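Student: for reference, the sequence and a predicted model appear below.
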Amino acid sequence: MTPFGLRVRALRKGREITLKQMAADLDISSAYLSALEHGHRGRPSWSLVEQICSYLNIIWDDAEELQRLASLSHPKVTLDTSGLSPTATEYANLLSREIRNISEPQLLQMLSHLKDLTPQRKI
């Protein structure tokens, strides 16, 4: 599941809307919406995120947060370390190989550290 999918699913369920109903109302297939929620599809388009925000009546900061989550929700990531240090390349390769073996608490710790190093950027 992706951060975007997790959030959309929580919002949808919190409003007691079925996946099938939301998909029909957005004029997309329920299979596609399910795949988005479960992280089996790439990040959604900006227009679909806008549709979802409108459909769920999400505005301002919450809409920006959903767009931010969408931008961070591509389930297949490619890292280009050309021109970076050998350490960066090793880190990227090890992370790619071992991410399935890292516990959730360890991932949260690593994510927190990366967020501390990265200035908050607008989408």
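Tutor: Thanks, I have the structure now. Residues are numbered from 1 along each chain as shown.

Student: buried residues, the helix or strand where Q51 lies. List them.
Tutor: According to DSSP states H and E, Q51 maps onto helix 46-55. By 16 or more other C-beta atoms under 10 Å, the buried positions in helix 46-55 come out as 48-49, 51-53. Backbone N, C-alpha and C define where each C-beta goes, glycine included.

Student: nearest to V77, of those residues?
Tutor: Proximity of the buried residues of helix 46-55 to V77, judged by C-beta to C-beta, is greatest for V49, which lies at 19.0 Å.

Student: let me see the contact set for the closest one.
Tutor: 66-67, 70 (C-beta atoms under 8 Å, 6 or more residues apart in numbering).

Student: with L36 instead?
Tutor: 2, 4-5, 8, 44 are the contacts of L36 under C-beta under 8 Å, 6+ apart.

Student: need the pLDDT of Q120.
Tutor: The score at Q120 is 65. That number is its pLDDT.

Student: same check on S47?
Tutor: In the prediction, the pLDDT value recorded for S47 is 96.

Student: element containing E64?
Tutor: Short version, using DSSP H and E: E64 is in helix 60-71.

Student: ok, then the element right after that helix?
Tutor: Proceeding C-terminally, helix 60-71 gives way to helix 86-98 as the next helix or strand, assigned by DSSP H and E.

Student: beyond that following helix, next helix or strand please.
Tutor: Assigned by DSSP H and E, the successor of helix 86-98 is helix 104-117.

Student: neighbouring contacts of that following helix?
Tutor: Taking contacts as C-beta under 8 Å, 6+ apart, the residues outside helix 104-117 that touch it are 99, 102.

Student: if anything else comes up later, I'll come back, but that's it for now.
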